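**Student:** What shape does this take:
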Amino acid sequence: MKREQVVELEVGMGVAGYITMELIRRDGSIKQRLTFKNLITNVGLDQIMGRTVAGQSQDIATLTQAGIMSAAVGTGSTAPANTDTTLVAEIAPADATNRATSNGGYSNTGPTYVSGPPDYWYRRTSFLFDFTEGNGNLTEVAIFGATSGGDMFMRQLIKDSGGTPTTLVKTSAEQLRVIYEFRVYPPTADTVQTAVAISGTNYDITTRVANANVAAAWGNFSGSLNGFMAWSPANRPGRAIETATLGARTAYPAGTTTQCATMTSSAYTNGTYYRDVRYEWGATIANYAGGIGSITHGPNNGSAIGEQMFQTSFVSAFAKDATKRLRLDVRYTVTRV
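**Tutor:** Next comes the predicted model:
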């Protein structure tokens, strides 16, 4: 009878957003510029993990892309809350153009790595309100998944350089450029589980970020950070390695790797902000002489070891042979930073 050993892990990533608002005169000069952190709503976290925008499947690159998402402004003064789904007093659009859906010719930038500490990846997208659009005494701003209605990804009161809510006065003499910077933060500390009993044996388990500075891993907004929905089972991003020595946060374990045989992802439930994934190595694979010392894994649909987002080591190594199969159950989470 084949025996199985099951490992359960929980790892996560942090997300945040920043808004820059620029009033631009007709001659192209900047009249006023404000930059402040925004609140990603509960619906926004659902969009990241569930990978839907207004019912349409999207990845994070398109979640923050002009033409898919829209910027809106309003005159409400209520502080943002995680549960917000609308602006308090959105400037009522005479037509869809009162929500900015175009970048106005400005280039989107990123993904770009910032070494920190803390280190993070960002992507910046511009939304432009033209001279006749969005005029008024503006006090709140949001990003939506539609030109009207739709899911609200983020909301914030407009703030001055000191972080105090303020009013941005836009008239027909200015354009308003809203630059949305979406950030993803790899965990900075290892996750350590000690004396984990698996099939009658205790193991110490350490999980660390892998390739934190590699664009194909943490910077791949349209691949690795796509809400865990776009994985193809044929790609199977889990890999077993004989060595138990973890690499640095910007690397991964050395040695021969064996791709898992199957990978299954659970359905996402709104409001949970996690997704469960199971990787499985069958009886005939990854039977190293020294056992399985580490595994690389993560939400990336590429097959190369360098594209994985996490690395996990086991002490002692799993003594896997042709009578055993190994299952790795991972809960991937997202949190606000």
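**Student:** Quick check on Met49: phi, psi?
**Tutor:** Listed backbone geometry of Met49 is phi -80, psi -30, with angles given as degrees, to the nearest 10.
**Student:** Unless I'm misreading it, it sits right up against Gly271, doesn't it?
**Tutor:** No - between Met49 and Gly271 there is no contact under C-beta atoms under 8 Å: 10.0 Å. Just so you know, the C-beta spots here come from the backbone N, C-alpha and C atoms, and that holds for glycine as well.
**Student:** Give the residue spans of the stretch 101-250 of the chain that score low on pLDDT.
**Tutor:** By pLDDT under 70, the weakly predicted segments of the stretch 101-250 of the chain are 221-236.
**Student:** The residue nearest to Gly44 when sequence neighbours are not counted sits in which helix or strand?
**Tutor:** Closest residue in space to Gly44, ignoring its immediate chain neighbours: Phe153 at 4.2 Å, by C-beta to C-beta, 6 or more residues apart in numbering. Assigned by DSSP states H and E, Phe153 falls within strand 152-157.
**Student:** Remind me what that strand packs against, helices and strands.
**Tutor:** Helices and strands touching strand 152-157, by 3 or more C-beta pairs under 8 Å, 6 or more residues apart in numbering; DSSP states H and E, are strand 3-25, strand 30-40, helix 42-50, strand 140-144.
**Student:** how close does the residue nearest to Gly44 get to Ile91?
**Tutor:** For Phe153, the distance to Ile91 equals 18 Å [C-beta to C-beta, to the nearest Å].
**Student:** again with Thr191
**Tutor:** 45 Å.
**Student:** Look at these two and report which has more neighbours.
**Tutor:** Using other C-beta atoms under 10 Å as the criterion, Thr191 and Ile91 rank with Ile91 on top: 21 against 16.
**Student:** My guess is the more buried one contacts Asn98. True?
**Tutor:** Yes - taking C-beta under 8 Å as the definition, Ile91 is a contact partner of Asn98 at 6.2 Å.
**Student:** what residues are shared contacts of those two?
**Tutor:** Common contacts of Ile91 and Asn98 (C-beta atoms under 8 Å, 6 or more residues apart in numbering): Gly134.
**Student:** ok, and which of the helices and strands packed on strand 152-157 has the densest surroundings?
**Tutor:** strand 140-144 (a mean of 27; mean count of other C-beta atoms under 10 Å).
**Student:** what helices or strands is that one leaning on?
**Tutor:** With contacts taken as 3+ C-beta pairs under 8 Å, 6+ apart, strand 140-144 sits against strand 70-74, strand 152-157.
**Student:** Let me know the next secondary structure element after the first one.
**Tutor:** So the one you mean is strand 70-74. Tracing the chain past strand 70-74, the next element assigned as helix or strand by DSSP H and E is strand 109-114.
**Student:** Can you give the contact residues for that following strand?
**Tutor:** By C-beta under 8 Å, 6+ apart, strand 109-114 touches 119-124, 213, 215, 218-221.
**Student:** Just the CA trace of that strand, in PDB.
**Tutor:** The C-alpha trace of strand 109-114 is given here as PDB (Å, rounded to 0.1, in the frame of the first residue of the first chain):
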ATOM      1  CA  THR A 109       5.400  52.100 -15.900                       C
ATOM      2  CA  GLY A 110       6.600  48.900 -14.200                       C
ATOM      3  CA  PRO A 111       6.700  46.400 -12.900                       C
ATOM      4  CA  THR A 112       9.700  47.900 -11.100                       C
ATOM      5  CA  TYR A 113      11.600  46.500  -8.100                       C
ATOM      6  CA  VAL A 114      12.500  48.700  -5.100                       C
END
